[in-house]
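> predicted coordinates and the sequence they were generated for:
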Amino acid sequence: MNSLERLRRIAEVEFAAIVVQTDFLGAKMRVMLADTSYVDVWASRKLSGRFGFHWERQHLNGHIYRYDNFPDTNWSGVSTFPFHFHDGDQNTVVAAPFAPTLEQDFREFMAFAQRKMGD
């Protein structure tokens, strides 16, 4: 089972209360949530350990949340670089609040989304 298939199973089983459906769109997976927002998940097939999660909420409240480990030098001052978290918008970047392993990261990111949806 590849990494996106494992993450799909986590989304559909562990977060069934908020996940409406999951779809594969080329190299990424889209997780549709109950509030009409969605999480896009990307895991590199070529670079081991490279991934990104993007929670799109602009149509609901103007916010996005993204966690990735792309080594963007704009965020080299972040203590967890290359891991970093876009907290509400593209330019508000903070240290990564999640564990640095793909499956645990995804669980923690989805738990974050579930908590925020309840706000």
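Looks like it came in fine.

> so where do the strands sit in the protein?
With strands called from DSSP state E, the chain shows them at 19-25, 28-33, 38-43, 51-57, 63-68, 84-88, 93-95.

> the fourth one pairs with which strands, parallel or anti?
What that stands for is strand 51-57. Using DSSP bridges, strand 51-57 pairs in its sheet with strand 38-43 (antiparallel), strand 63-68 (antiparallel).

> quick one on the thing from earlier: mean neighbour count, distance to Met117 and mean pLDDT added to the strands of the chain, as CSV?
Every C-beta, even on glycine, is put in place using the N, C-alpha and C of the backbone. As requested, the strands of the chain are exported to CSV (neighbours: other CB atoms under 10 Å; distance: least, CB to CB, whole Å; pLDDT from 0 to 100):
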stretch, mean neighbour count, distance to Met117, mean pLDDT
strand 19-25, 14, 11, 96
strand 28-33, 19, 7, 97
strand 38-43, 21, 11, 94
strand 51-57, 20, 9, 95
strand 63-68, 19, 11, 95
strand 84-88, 19, 15, 95
strand 93-95, 15, 20, 96
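
> now tabulate the strands paired with strand 51-57 in TSV and tack on distance to Leu25.
Putting the strands paired with strand 51-57 into TSV (distance: least, CB to CB, whole Å) gives the following:
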stretch	distance to Leu25
strand 38-43	8
strand 63-68	17
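
> figure out which of the ones you listed is closest to Ala113.
strand 38-43 (6.5 Å; CB to CB).

> that closest one: how far from the chain's middle?
How far strand 38-43 lies from its chain's middle: 6 Å, per CA atoms, centre = their mean, to the nearest Å.

> can you list contacts of that strand?
For strand 38-43, contacts defined as CB atoms under 8 Å, 6 or more residues apart in numbering pick out 3-4, 7, 11, 25, 27-33, 50-56, 102, 106, 109-110, 113.

> what comes up buried for the top helix by length along the chain?
Ranked by residue count and defined by DSSP state H, the top helix of the chain is helix 102-117. For helix 102-117, burial by neighbour count (16 or more other CB atoms under 10 Å) applies to 102, 105-110, 112-114, 116-117.

> I'm done for today, thanks for sticking with me.
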